[in-house]
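J.: Just a sequence and a predicted model for now, questions to come.
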Amino acid sequence: NAAIGYSASTAGPTKGLAISGKVGIGTTSPQVKLDVAGTIRASTFPVTGDTALYRDDATGDIALLTSDIRLKKNLTSLSSSQALTVVQGLTGYLYNALDEPDGAKKRLGFMAQDLIKLGLNEATYSFTGSDGTEYFSIHYEKLPVLLVEAIKEQQQQIEQLKLASANLTNFDLSALFSQTREIATILTREITDRQLLSSRVGELVGNLEAVINKLADLQNETSQSATLAQNFSLSPQGDLILDKNLVLNENLNVKGKTTLTELAVGKSITAGLVVIDGEKGSLQTTAGPLQLQSDSLGELEIMSGKVAIDKDGNLKISEGVIAGNSNFRNILILGAGVTEFKIQNSQGKSATECKMGEILEGKVVAECGIMWDTAPVVVNVTPSYKTTIWVEDITKDGFTIKVGDAPQKEEKVYWLAMW
């Protein structure tokens, strides 16, 4: 037993030799565990996986693999389409091994994991490294088989394309071109005939419409002449008398006094500086103020008398003239013990709707839909009982009413805002 490179207490294997360093045969500078400079011969050579080695007994030479069908069984043909799919899925790489320096010459090859993913495990094998990790490698000697089947598949596709191209080349296109030209000629002639017919029909329709319009004009002229003769007459004083309505499409200029029992205006009437616009429903002047009841001979009434101005210029507004009456006046219910009543605007509430808050220490807040654009100049308040009362904090959003003596029972406060 011998152990070279180990401690003296370490024994070598029975009938064997244990060497801890690198062994060089034919070289003094081995680079790996066993570095042989020359050819190896062996009487036996065990291998792993499906790799087969054969030894020539006469010479002792070793042959890697064999193609003799007599040494094989369970033969299955490799599909050409499958081989082409695998080849198309492979990627060639330039790479360095992990134990090589970065500047070393790169190697060329495939990745074993790519072949495994493509389902061709037969072209790969695995081995266990010195660190106990399982690694994968490729039987590169088997890849030509894959390439041959892939080339056969491509050649079959090429032959099919050549056949299809030949069929197209032999196809007689002259007959097809001739038929196409004939169809085009027929369609062109048909379209031209239809266009001529349509144009002729259009001319006839235009002439017919002109005749109908001329007949209508003649009928209107005859009807108007008859109507004028029937409805117009002259008085002994030379006045023109019309028994029917008079419709004018242009302007009517009247010089002198005009008396109309009933007048309907579609657009506007101008009388001096006053313009009555029938389309806009407006009454205005072209210059200066519009004067109504300038002589103050009677009241000026609006909305059937709901709003009126008397001869002295006083404005009178009837109850309920507008839905927003309560915007500037209202009646508040003052509960017993209340000394301060705050009214504030509340969006979305009607003018008459007020939400009363809780009475706290004689104070109460009411949210009302007053909807003011600006703050009033003054707010007049009148209580229904004898007490002092005043208003503070007047804004466009509300005001506060304060009383000197709190009521003993429910009372009313009348308020009116003025601008």
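T.: Structure received.
J.: Ala417 - how many residues pack around it?
T.: By other C-beta atoms under 10 Å, 20 other residues sit near Ala417. From N, CA and C alone the C-beta is placed, and that goes for glycine too.
J.: Revised request: answer the last question for Thr124.
T.: By other C-beta under 10 Å, 19 other residues sit near Thr124.
J.: so what pLDDT did the residue nearest to it when sequence neighbours are not counted get?
T.: In space, and not counting its chain neighbours, Thr124 is closest to Ala112: 4.8 Å by C-beta to C-beta, 6 or more residues apart in numbering. Looking at Ala112, its pLDDT is 93.
J.: go on, Lys402?
T.: Note on Lys402: pLDDT of 90.
J.: Use 8 as the first number from now on
T.: Will do, 8 is the new start, and the previous item becomes Lys409.
J.: Any idea what it is bridged to?
T.: Glu347, Trp397 (DSSP bridges).
J.: now the helices: where do they sit in this structure?
T.: Along the chain, counting by DSSP state H, helices occupy 87-96, 119-124, 150-177, 180-238.
J.: Can you get me a residue count around Gly320?
T.: Count around Gly320 with other C-beta under 10 Å applied: 8.
J.: can you pull up the bridge partners for Gly31?
T.: Beta-bridge partners, per DSSP bridges, of Gly31: Asp42.
J.: Surely it touches Asp42?
T.: Yes - with contact defined as C-beta atoms under 8 Å, Gly31 counts as touching Asp42 (4.9 Å).
J.: Let me see the confidence value for the spatially closest residue to Tyr392 that is not a sequence neighbour.
T.: With C-beta to C-beta, 6+ apart as the criterion, Tyr392 has its nearest non-adjacent residue at 4.9 Å, and that residue is Glu418. What the model reports for Glu418 is a pLDDT of 88.
J.: wait, what's in contact with Glu418?
T.: 340-341, 390-392 (C-beta atoms under 8 Å, 6 or more residues apart in numbering).
J.: switch the cut-off to 7 Å
T.: Residues in contact with Glu418 (C-beta atoms under 7 Å, 6 or more residues apart in numbering) are 341, 390-392.
J.: Which of those ranks first by neighbour count?
T.: Leu341 (23 neighbours).
J.: so it touches Val420, yeah?
T.: Yes - applying C-beta atoms under 7 Å as the test, Leu341 and Val420 come out as touching, 5.2 Å apart.
J.: how far does stretch 25-32 stretch from start to finish?
T.: 16 Å (C-alpha to C-alpha, to the nearest Å).
J.: isn't the residue nearest to Thr131 right next to Tyr147, touching?
T.: No - the pair formed by Ala119 and Tyr147 falls short of the contact definition of C-beta under 7 Å, at 10.5 Å.
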